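Chemist: Coordinates for the following, if possible.
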Amino acid sequence: MWETYAGSNLCTIKNNIITQNEVGIYLSSGDSCIISHNIIISNGIGIDAIYCDRTIITRNLIKENSEEGIFLEDSDWNVISKNNFIGNRKHAGFLYDRFSLNNRWLNNYWGEPTPPPKIIRGIVRKYHTHGEYDDYSWNNYDWNPAEEPFDIYTVENKDSDDWGFGFILCYASIEYAELRHSIWLPWEMVECIDLETGNVVRQERTGLFGFCLFKYLPMGRDYKLTISTEEGSDSIIVRDLLFLKRVGLRITVY
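Modeler: This next block holds a predicted model:
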């Protein structure tokens, strides 16, 4: 159960599971941000963005939120793409005090196969003197809605205690949350950098069996391991290597 608040520019909100909050992610006055690969389930509003421009919202699962999946208020020049909207009371909406043609809704999944264009209904509010205003209906469009949901995944490092002598064993796996089943995941590259010298001391490519072993590394040093797969990549720091260290990247599909 997490509620994420951001009010700065160039921020990234990624790889969170957010549930049972009044607002899952609240972004205020933040420009050029990225919101991606989050699982946002059973909140009031999934993502609420106010006065936010040039932000990318992509590859999120936005599901069963009781009020709205995404709500944009006076936010412009944003891209909302390849998200799964499933079972929300209202998937998306917006409120502007100006007519907006500049938010782009691209290739989102709207809970079922949807013929194009998918209409996103909102309100434009025109203010008069003394605080009075009139509301007008206004539409945005997803011109190419997805026919099937996307694989939405979180990426995390799995670390274990030291055991052995002078080796690092790297692995990658993919876990399907609904099936409660995981498999080895072929990786594209594993890179090991000695943080003391900044040199790449080992690099392996195309691991068909989901793991590799770096042997005979200088002990007592810190290393940065980066594991890359088709589904995602992440890094982990191995501190003061004395024994065999197991490090891994687990990708969970929801």
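Chemist: can you pull the contacts of Glu68?
Modeler: Residues in contact with Glu68 (C-beta atoms under 8 Å, 6 or more residues apart in numbering) are 45-46, 48, 88-93. No exception for glycine: its C-beta is placed from N, CA and C like everyone else's.
Chemist: Can you tell me the closest non-neighbouring residue to Asp134?
Modeler: Lys126 (5.1 Å; C-beta to C-beta, 6 or more residues apart in numbering).
Chemist: Tell me how many other residues surround the one you found.
Modeler: 13 (other C-beta atoms under 10 Å).
Chemist: Asp134 too?
Modeler: Asp134 has 9 neighbouring residues, counting by other C-beta under 10 Å.
Chemist: Average pLDDT for the helix or strand containing it, rounded please.
Modeler: Asp134 is part of strand 133-142, with elements assigned from DSSP states H and E. Across strand 133-142, the average pLDDT comes to 90.
Chemist: can you pull the buried residues of that strand?
Modeler: Residues of strand 133-142 classed as buried: 138, 140, 142 (neighbour count, 16 or more other C-beta atoms under 10 Å).
Chemist: before we move on, what about stretch 66-80?
Modeler: So, applying 16+ other C-beta under 10 Å, buried residues of stretch 66-80: 67-76, 78, 80.
Chemist: Can you pick out the ones from those that are in strands?
Modeler: If you go by DSSP state E, the buried residues of stretch 66-80 have 68-73, 80 in strands.
Chemist: Nearest to Asp97, out of the residues you listed: which one, please.
Modeler: Glu73 (9.2 Å; C-beta to C-beta).
Chemist: How about the contacts made by the closest one?
Modeler: 48-51, 94-96.
Chemist: any idea which of those residues has the most stuff around it?
Modeler: Ala49 (27 neighbours).
Chemist: Tell me the spacing between that residue and Asp222.
Modeler: 38 Å (C-beta to C-beta, to the nearest Å).
Chemist: Let me know the secondary structure of His130.
Modeler: Following DSSP: H, G, I helix; E, B strand; the rest coil, the label given to His130 is helix.
Chemist: Can you pull out the low-pLDDT segments for the stretch 101-250 of the chain?
Modeler: In the predicted model of the stretch 101-250 of the chain, residues 101, 153-189, 201-221, 229-234, 236, 238-250 satisfy pLDDT under 70.
Chemist: Is Ile70 bridged to anything, and to what?
Modeler: Ile70 has these beta-bridge partners by DSSP bridges: Ile47, Ala92.
Chemist: Go ahead and confirm it touches Asn43.
Modeler: No - in this structure Ile70 lies outside contact range of Asn43 using C-beta atoms under 8 Å: 11.4 Å.
Chemist: still on that earlier bit, which one of the buried residues of stretch 66-80 is nearest to Ser36?
Modeler: Once C-beta to C-beta is applied, the member of these that ends up nearest Ser36 is Ile80, at 11.2 Å.
Chemist: and the closest one, what does it touch?
Modeler: Applying C-beta under 8 Å, 6+ apart, the residues contacting Ile80 are 57-58, 70, 92, 103-106, 108.
Chemist: mind redoing it with 7 Å?
Modeler: Contact analysis of Ile80 by C-beta atoms under 7 Å, 6 or more residues apart in numbering lists 57, 70, 103, 105, 108.
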